[in-house]
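[1] Pasting a predicted model and its sequence here:
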Amino acid sequence: MRIKILDSLLADQIAAGEVIERPSSVVKELLENSIDAGATQIDIEIKNGGAQLIRIRDNGCGIHRDDLGLALVRHATSKISSLDDLSNIDTLGFRGEALASISSVSRLNIASKIFEDNSGWQLNSEGVNGQIKLKPAAHSAGTTIEVRDLFFNTPARRKFLRTEQTEFNHIEEMVRRIALSNFGVAINLKHNDKVVFSLLSSESLEQQNQRIAKICGKEFIENSIYIDTNNSGLHLRGWVGLPTFSRSQADMQYFYVNNRMIRDKSLNHAVRRAYRDVIFADRQPILVLYLSLDPSTLDVNVHPTKSEVRFSDGRLVHDFVFGSIYQALAGVKSEKQVTIPTPFSDNLIAAEVSNPILMPYGSNNKVKPTLSIIRNQMMVNQKMHDVVDQVVSDLSINDVNIDVLKKNEVGIKEEEQPYKIPNLIQQSIVVDETVLGEALAQLHGTYILAQNKHGLVLVDIHAAHERIIYERLKTAYAKEGIKIQRLLLPLTINLNVKEIRIIEEYSDLWQSLGLEIAVIGPDTVVVRGIPSLLQEINIEQLVKDILSDLIENSSSDQVNDRVNGILTSMACYGSVRANQQLTVPVMNALLRDIETTERSGQCGHGRPTWVQISVGELEKMFLRGK
Ligand code: ADP
Ligand code: MG
């Protein structure tokens, strides 16, 4: 067999295999061209999922009449002309192969007019490169590219097209991605003549918020932090979702480097690390992030679809991105209120809280309210209302002593009255400016009810306490190691050979985790000291948990990866258990601790630690003011 040069159509079709995988790839390339042409308005029309028609019209710089034919030739581009240019790219395209690829696998028309010309020109290519017809066309400044019958001449590719809806979903996602990084461009998208969305140009941050809300959902804007940081020539800005507002898949993580949407393992890793402490296992945050850096420190010519890049200093970029997000999330303590979907829209939760048991306010919590006490109290309340109504409506008994009336009518002796309802009105005057306000009571042994100036605060006691202990353990661990408190009675634990080996292998780690532990037999260890931050813990359980942590993650060579997991379990063990009765001063102390703890908006497992229910929301629940 002798070697021969492929004809240019076949060469283009082979190249197209890499660039044009499906209709959405065409949309991506055409949109990128419009953006490179400086367009501020782009209209996209799709028919039949893109298989029948993709038409994109822009108001960009247009293509010179004499260049129209060239635009379809492979390796023809107006964007670079030398190797130097390649290392300083500020356009999305540069390879000069998109239009050549597309025209080799479809029927392509271009109509374009440059600003200086009087009339526009139009060109048709029928999937055959050599035969190009040019004729005048009515067109305002800008370019329209029409791609019909995609893959009509490459049946193998055509076979791989999925249903109309699936292909269109890919297109829509592609347009969203591009819209997220080109706020200045107004974009309209139509499918089968129906408007799918239209986005206005949005330059100001406020307008950008609106575009983000339109694309990622309104809740995302409400549940995200806007960041904007600079360091060592790197600039990162964008929106990072609160850990409590997560998804099961990483399908809403948009990353742009110098305005180019990319996938990058090391950036994904930076994100995962930044969220690791605060997000529930297996949950994925939502992010829209823009990284800008000197183009000469970036290689964009790594992949035919230009969706991957290489950083000249990957470590620096990774650490900068990690640090910026981590910092932002650390700020999610009490001043950023964690809003979760209002609990009372959810019937399930509403049913759970519809019959709360109030602990006596300010009492030492010795008396547990029984159901009959509560029923009595409800009866008292009802009767009091009735009485007062009667008094008010009947002016003739204006002078009757209401106190007497109450006692006689209700007929419940003073000493039987279980507790006084706290005087909330008076309370609200003394509520100071603390974020979480003053504790009122403990609900179901699990939650603190507190009152702040906005309304009601509900705190998950265990989750909040766990977060506080975790942060303290982490700080102590990072500084001089966690302090050990010696046990009066050392505890022996039986373990298997593998576990004994792990205990020996990591003896230094145990020590710095605040655990004094020694092997005293082939299958026995003795624990002589535990972290002083943890009181009344099940030591054996804790040791076994740490062991399984270590065994499970033995492949990871990052000690820190393991330690944080271990500290999370330790914090979980050391925190207040459900149903532990707390006094009001203890609850208030806990509230103050939450306020001053970093990342206290979530526990170590990423659940929220407290929620606010505003007076406004309460009023809605009770249909007040309607
Ligand atoms: P590349 O974008 O890599 O240069 P393409 O094949 O995508 O290669 O496009 C070839 C050339 O056609 C571009 O360099 C540009 O000059 C021109 N072009 C394509 N689309 C447009 C457009 N919408 N507006 C103006 N010029 C365009
Ligand atoms: Mg291009």
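    Now that the structure is in, tell me what you want to look at. Ligands and ions are numbered 1, 2, ... in the order given.
[2] What is the neighbour count of the residue of the stretch 51-200 of the chain found nearest ligand 2?
    For the stretch 51-200 of the chain, the residue positioned closest to ligand 2 under C-beta to the ion is residue 93, at a distance of 2.8 Å. Where you see a C-beta, it was placed from the backbone N, CA and C, and this is true even at glycine. By the measure other C-beta atoms under 10 Å, the count of residues near residue 93 is 20.
[3] Would you enumerate the residues in contact with it?
    29, 32-33, 36, 77, 79, 306 (C-beta atoms under 8 Å, 6 or more residues apart in numbering).
[4] who wins for most neighbours among the residues you listed?
    Top of the contacts of residue 93 by neighbour count (other C-beta under 10 Å): residue 29, with 25 neighbours.
[5] isn't that one right up against residue 102?
    Yes - using C-beta atoms under 8 Å, residue 29 and residue 102 qualify as a contacting pair, with a distance of 6.7 Å.
[6] Now list whatever residues contact both of those two.
    Residues touching both residue 29 and residue 102 by C-beta under 8 Å, 6+ apart: residue 20.
[7] Touching stretch 445-457 from outside, list them.
    358, 424, 427-428, 431, 433-443, 458-462, 578-582, 587, 590-591, 610-618.
[8] Need the pLDDT of the residue lying closest to residue 232 once chain neighbours are set aside.
    Spatial nearest neighbour of residue 232, chain neighbours left out: residue 316 (6.5 Å); criterion: C-beta to C-beta, 6 or more residues apart in numbering. Per-residue confidence at residue 316 stands at 93 (pLDDT).
[9] same check, this time on residue 616
    Model confidence at residue 616 (pLDDT) stands at 86.
[10] before we move on, what about residue 360?
    In the predicted model, residue 360 carries a pLDDT score of 27.
[11] before we move on, what about residue 2?
    The per-residue pLDDT reported for residue 2 equals 93.
[12] How much space separates it from ligand 2?
    Remark: distance between residue 2 and ligand 2 (C-beta to the ion, to the nearest Å) = 35 Å.
[13] what are the phi and psi values for that residue?
    When quoted as degrees, to the nearest 10, the phi and psi of residue 2 stand at phi -100, psi 160.
[14] Which residue ranges make up each domain of this protein?
    Annotated domains of the chain cover 8-199, 205-330, 371-476+571-621, 484-557 [automatic domain parsing].
[15] and these, which one is worst for confidence?
    Out of those, the stretch the model trusts least by mean pLDDT is domain 371-476+571-621, with a mean of 66.
[16] just to revisit the earlier point, restricted to strands, list the contacts of stretch 445-457.
    Secondary structure assignment (DSSP state E) places 438-443, 458-460, 610-614 from the contacts of stretch 445-457 within strands.
[17] Out of those, which two sit at the greatest distance?
    Pairwise distances across the ones in strands among the contacts of stretch 445-457 peak at 21.5 Å for 442 and 614 (criterion: C-beta to C-beta).
[18] Compare those two (neighbour count), which wins?
    Relative neighbour count places residue 442 above the other of residue 442 and residue 614, with 24 against 17, counting by other C-beta under 10 Å.
[19] hang on, that one packs against residue 587?
    Yes - with contact defined as C-beta under 8 Å, residue 442 reaches residue 587; the gap is 6.7 Å.
[20] what comes up buried for stretch 64-84?
    By 16 or more other C-beta atoms under 10 Å, the buried positions in stretch 64-84 come out as 64-65, 68-69, 71-74, 77-80.
[21] and these, which of them are in helices?
    Among the buried residues of stretch 64-84, the subset assigned to helices under DSSP state H consists of 68-69, 71.
[22] Cross-check these against ligand 1 and keep the overlap.
    The subset of those within reach of ligand 1, by C-beta under 6 Å from any ligand atom, is residue 71.
[23] Which member of the ones in helices among the buried residues of stretch 64-84 is positioned nearest residue 323?
    Of all these, residue 323 sits closest to residue 71, with 43.6 Å by C-beta to C-beta.
[24] Name the nearest residue to that closest one, ignoring sequence neighbours.
    The shortest distance from residue 71 to any residue that is not its chain neighbour, by C-beta to C-beta, 6+ apart, is 5.2 Å, and that residue is residue 99.
[25] Distance check, that neighbour against residue 77.
    Counting by C-beta to C-beta, to the nearest Å, the gap from residue 99 to residue 77 is 10 Å.
[26] Also residue 283?
    The gap separating residue 283 from residue 77 is 43 Å, by C-beta to C-beta.
[27] Same check on residue 141?
    Residue 141 sits 21 Å away from residue 77, taking C-beta to C-beta as the criterion.
[28] Which of the three states applies to the residue nearest to residue 232?
    Three-state assignment for residue 316 (DSSP: H, G, I helix; E, B strand; the rest coil): helix.
[29] my guess is it meets residue 233, correct?
    No - under the criterion of C-beta under 8 Å, residue 316 makes no contact with residue 233, lying 9.0 Å away.
[30] neighbour count winner among those two?
    Relative neighbour count places residue 316 above the other of residue 316 and residue 233, with 16 against 12, counting by other C-beta under 10 Å.
[31] Run a quick check on residue 603 versus residue 471, I expect a contact.
    No - Residue 603 is not in contact with residue 471 according to C-beta under 8 Å; the separation is 10.7 Å.
[32] Compare these two and say which is more crowded by neighbours.
    Neighbours around residue 603 and residue 471, counted as other C-beta under 10 Å, are more numerous at residue 603. The numbers are 26 against 22.
[33] quick one: the closest residue to that one other than its chain neighbours and residue 238, what's the gap?
    By the measure of C-beta to C-beta, 6+ apart, the closest residue to residue 603 outside its immediate chain neighbours is residue 463, 3.6 Å from it. When C-beta to C-beta is the yardstick, residue 463 and residue 238 sit 28 Å from each other.
[34] cool, and residue 22?
    Distance of residue 22 to residue 238, given as C-beta to C-beta: 28 Å.
[35] CA atoms only for the biggest strand by length in the chain, dumped as CSV, please.
    Once the chain is assigned using DSSP E, the strand that runs over the most residues is strand 484-494. Below are the C-alpha coordinates for strand 484-494, written out as CSV (Å, rounded to 0.1, in the frame of the first residue of the first chain):
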residue,chain,number,x,y,z
ILE,A,484,-5.1,15.4,76.8
GLN,A,485,-7.1,14.9,79.9
ARG,A,486,-6.0,11.8,81.9
LEU,A,487,-8.6,9.3,82.8
LEU,A,488,-9.0,8.4,86.4
LEU,A,489,-9.9,4.9,85.4
PRO,A,490,-8.0,3.8,82.2
LEU,A,491,-10.1,1.8,79.8
THR,A,492,-9.0,-1.4,78.1
ILE,A,493,-10.4,-2.2,74.6
ASN,A,494,-10.2,-5.4,72.6
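[36] Let me see the residues that make contact with it.
    514-516, 520, 523-532, 539-540, 543-544.
[37] make it 7 Å
    Residues outside strand 484-494 that contact it (C-beta atoms under 7 Å, 6 or more residues apart in numbering): 514, 516, 523-532, 539-540, 543.
[38] what are the phi and psi values for residue 330?
    phi -60, psi -30.
[39] In three-state terms, label the closest residue to it other than its chain neighbours for me.
    Counting by C-beta to C-beta, 6+ apart, residue 330 lies nearest to residue 598, which is 4.7 Å off, once chain neighbours are set aside. On the three-state scheme (three-state DSSP), residue 598 is labelled coil.
[40] just residue 124 next, same as before
    Following three-state DSSP, the label given to residue 124 is strand.
[41] Then residue 5?
    Criterion first, three-state DSSP; result for residue 5: coil.
[42] okay, the angle between the host helix or strand of residue 456 and strand 438-443?
    In this structure, residue 456 is located in strand 455-460 according to DSSP states H and E. Angular relation of strand 455-460 and strand 438-443 on a 0 to 180 degree scale: 50 degrees, by axes from the mean of the first three to the mean of the last three C-alpha atoms, to 10 degrees.
[43] Report the strands that pair with strand 455-460, each with its relative direction.
    Strand 455-460 has the following sheet partners, assigned by DSSP bridges: strand 447-452 (antiparallel), strand 610-614 (antiparallel).
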